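1. Return a 3D structure for these sequence lines:
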Amino acid sequence: MFLFLRKFIFIITFNSSLFIFLMVGIQNSSYRNKVDLLFAETIELPISFILGISFITGSLTGSFLKINPNNKKDYL
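-> Predicted structure coming up:
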């Protein structure tokens with residue numbers, strides 16, 4: 001249980017720090033674009049924000065997937 005909690009705190013801390021650096025980094029971004037979804041469009045967002053959020057979402061998703069489901073110690 002301690003290993004699970006330690007990994008969880010590390011994942012949340014790492015991705016939160018990436019998000020904070022992303023917010024600081026896009027302060028002077030002037031080029032904006034809309035993203036076409038299936039049934040709607042988003043508001044105009046900086047391209048760096050769209051790419052950064054995609055990276056952070058992938059990092060979070062990948063962190064919570066099991067690497068080897070046969071290994072009982074590798075949970076998270």
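2. What does the pLDDT read for the residue most central in space within the chain?
-> With distances taken as CA atoms, centre = their mean, the residue of the chain nearest its centroid is Ile56 (1.7 Å). Listed pLDDT for Ile56 reads 91.
3. any low-confidence regions in the chain?
-> 1, 66-76 (pLDDT under 70).
4. ranges for the helices of the protein?
-> Counting by DSSP state H, residue ranges of the helices within the chain are 2-25, 47-63.
5. buried residues in the first one?
-> Which is helix 2-25. Ile11, Asn15, Leu18, Leu22 (16 or more other CB atoms under 10 Å). All C-beta atoms are positioned from the backbone trio N, CA, C, and that covers glycine.
6. do the last one as well
-> Residues of helix 47-63 classed as buried: Ile50, Gly52, Ile56 (neighbour count, 16+ other CB under 10 Å).
7. so which of the helices of the chain comes closest to Lys34?
-> With CB to CB as the measure, helix 47-63 is the member of the helices of the chain nearest Lys34 (9.8 Å).
8. Who are the contact partners of Thr61?
-> Listed by CB atoms under 8 Å, 6 or more residues apart in numbering, Thr61 has no contact partners.
9. Does Ile43 touch Val35 like I think?
-> No. The criterion here is CB atoms under 8 Å, and Ile43 misses it with Val35 at 9.1 Å.
10. and those two? which has more neighbours close in?
-> Using other CB atoms under 10 Å as the criterion, Ile43 and Val35 rank with Val35 on top: 12 against 7.
11. and that one, what is it in contact with?
-> Glu41, Thr42, Leu45, Ile50.
12. Number of residues surrounding the third one?
-> The burial count assigned to Leu45 is 15, neighbours taken as other CB under 10 Å.
13. for it, what are its contacts?
-> Contact analysis of Leu45 by CB under 8 Å, 6+ apart lists Arg32, Asn33, Lys34, Val35.
14. Which of those residues fall in strands?
-> Judged by DSSP state E, the contacts of Leu45 include Arg32, Asn33 as members of strands.
15. Name the nearest of the contacts of Leu45 relative to Arg6.
-> For these, the minimum distance to Arg6 (CB to CB) is 35.6 Å, reached by Val35.
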